[in-house]
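Undergrad: Show me how the following folds:
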Amino acid sequence: MKKKLALVAFGGNAMLPPGERGTAAEQSANACQAAQLMVEVVRKGYELIVVHGNGPQVGNLLLQMEAASSSIPPFPLDVCDAMTQGSMGYLLERAICNELRKHSLRKEVVTVLTQVVVDPEDPGFAHPEKPIGPFYSRERAEVLRVENRWQMVEDAGRGFRRVVPSPTPIDVVPKKAISALVNQGQVVIAAGGGGVPVIINEDGLVQGIEAVIDKDRVSALIAAEAGADLFVILTGVDRVWENFGKPDARPLPVIGVDTARKMLQAKQFPPGSMGPKIESAIAYIEGGGREVLITSAEKLKAALAGRSGTRIVRQTTESRPEPTPSRRGKKTSPGQT
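TA: Purely as a prediction, here's the structure:
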């Protein structure tokens, strides 16, 4: 009997949270914490694909390259994505392997350096809006704009930053290898940081391109392609909320995909936080997926047991939202991110 398959996606902040310097020791310790969560999914009877973010890690790498740019030529963004896929994949691979050993689970863990194909005509290329890397002075920003043809924007009065496109992923390379490894019972770490963005050029060849792929969107694509039974999105809140921040705010234990789409269109979910996660959940379900679970790392174990989290499912028959906590109890909804 074929085992169930889960894909778990979490952000780069899980391994480099705000306030930490980002040392190898810090990120290794954080990888061990993440590994405990991943192995909990395996212990629930699932084969596993892991997708992680890399925003803080790529930011640090770009800072290092800027500091050394007078001595060592900096690498383009697609190569930086590949570098962090490798380094973060190693830390997670080692941590998950050790956690599996602690539970006497005989599985191998493999990191797949993943390329993600995007359309060169994607509208995102005409309107780059994803800020990356360090802050620059106005003078340095102008030099980089001319020399590298970068688009630079002022960011909240803190200086100038480069902005790059964030196109929609349309294919994953090597998707057959990812599925084959999972079907052999291996734990697969794939599309780290959203994967390395590439296009198919006029000669039909793969060509790297400087862009950023949303990790939740590519996770939805991989989950659907691999036939995942469960797509888990770990975020900063235990559940999705309706009317967040308002007196009638209420948590949503279960949402049908049609309702999720209507709520998204009604701007219930901000584009900079929960919106992309709901869009990814809808894309996965529409691609043939079965169930999405959105929750926090702290509540993952409870959510897998049905005691927390928000489940997005295909059917439209939904449980009623839980009542809003009493204002006299001084209990408020957490931030929806």
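Undergrad: Okay, buried residues for stretch 147-156 please.
TA: 150, 152 (16 or more other Cβ atoms under 10 Å). Backbone N, C-alpha and C define where each C-beta goes, glycine included.
Undergrad: my read: residue 292 touches residue 312, true?
TA: Yes - Residue 292 lies in contact with residue 312 (Cβ atoms under 8 Å); the separation is 4.1 Å.
Undergrad: my read: residue 134 touches residue 59, true?
TA: Yes - between residue 134 and residue 59 there is a contact under Cβ under 8 Å: 7.4 Å.
Undergrad: So those two - more neighbours on which side?
TA: residue 59 (20 against 17; other Cβ atoms under 10 Å).
Undergrad: Helix, strand or coil: sort out residue 161 for me.
TA: State at residue 161, reduced to three classes by DSSP: H, G, I helix; E, B strand; the rest coil: strand.
Undergrad: Count the neighbours of it for me.
TA: Neighbours of residue 161 (other Cβ under 10 Å): 21.
Undergrad: Just the pLDDT for it.
TA: At residue 161, the pLDDT value in this model is 89.
Undergrad: got the contact list for it?
TA: By Cβ atoms under 8 Å, 6 or more residues apart in numbering, the contact list for residue 161 reads 131-136, 152-153, 155.
Undergrad: Tell me which two of those residues sit farthest apart.
TA: 134 and 153 (13.5 Å; Cβ to Cβ).
Undergrad: buried sites along the helix or strand encompassing residue 182?
TA: In the assignment (DSSP states H and E), residue 182 maps to helix 175-183. Using 16+ other Cβ under 10 Å as the test for burial, helix 175-183 gives 175, 178-179, 181-182.
Undergrad: Mind checking the pLDDT average for it?
TA: Per-residue scores along helix 175-183 average to 94.
Undergrad: Which helix or strand lies directly C-terminal to that helix?
TA: Immediately after helix 175-183, counting by DSSP H and E, sits strand 187-190.
Undergrad: and that next one, which strands flank it?
TA: strand 46-52 (parallel), strand 109-112 (parallel) (DSSP bridges).
Undergrad: Include mean neighbour count and mean pLDDT when you put these into a markdown table, please.
TA: Compiled in a markdown table, these are given as follows (neighbours: other Cβ atoms under 10 Å; pLDDT from 0 to 100):
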| stretch | mean neighbour count | mean pLDDT |
| --- | --- | --- |
| strand 46-52 | 26 | 96 |
| strand 109-112 | 21 | 97 |
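Undergrad: Turn those strands into a markdown table, columns for distance to residue 272.
TA: Formatted as a markdown table, those follow (distance: least, Cβ to Cβ, whole Å):
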| stretch | distance to residue 272 |
| --- | --- |
| strand 46-52 | 20 |
| strand 109-112 | 29 |
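Undergrad: List the contacts of residue 261.
TA: Contacts of residue 261 by Cβ under 8 Å, 6+ apart are residue 282.
Undergrad: Quick check: it is in a strand.
TA: No - using three-state DSSP, the assignment for residue 261 is helix, not a strand.
Undergrad: how much space between it and residue 279?
TA: Per Cβ to Cβ, to the nearest Å, residue 261 is found 9 Å from residue 279.
Undergrad: Repeat that for residue 189.
TA: 23 Å.
Undergrad: ok, which stretches of the stretch 1-150 of the chain are strands?
TA: Taking DSSP state E, counting those that start in this stretch, the strands of the stretch 1-150 of the chain run over residues 4-10, 46-52, 109-112, 115-118, 130-136.
Undergrad: With distance to residue 91 as extra columns, can I get those strands in CSV?
TA: CSV is the format used below for the strands of the stretch 1-150 of the chain (distance: least, Cβ to Cβ, whole Å):
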stretch, distance to residue 91
strand 4-10, 13
strand 46-52, 10
strand 109-112, 10
strand 115-118, 21
strand 130-136, 21
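Undergrad: picking up where we left off before, need the residues touching each of residue 292 and residue 312.
TA: Common neighbours of residue 292 and residue 312 (Cβ under 8 Å, 6+ apart) are 281, 285.
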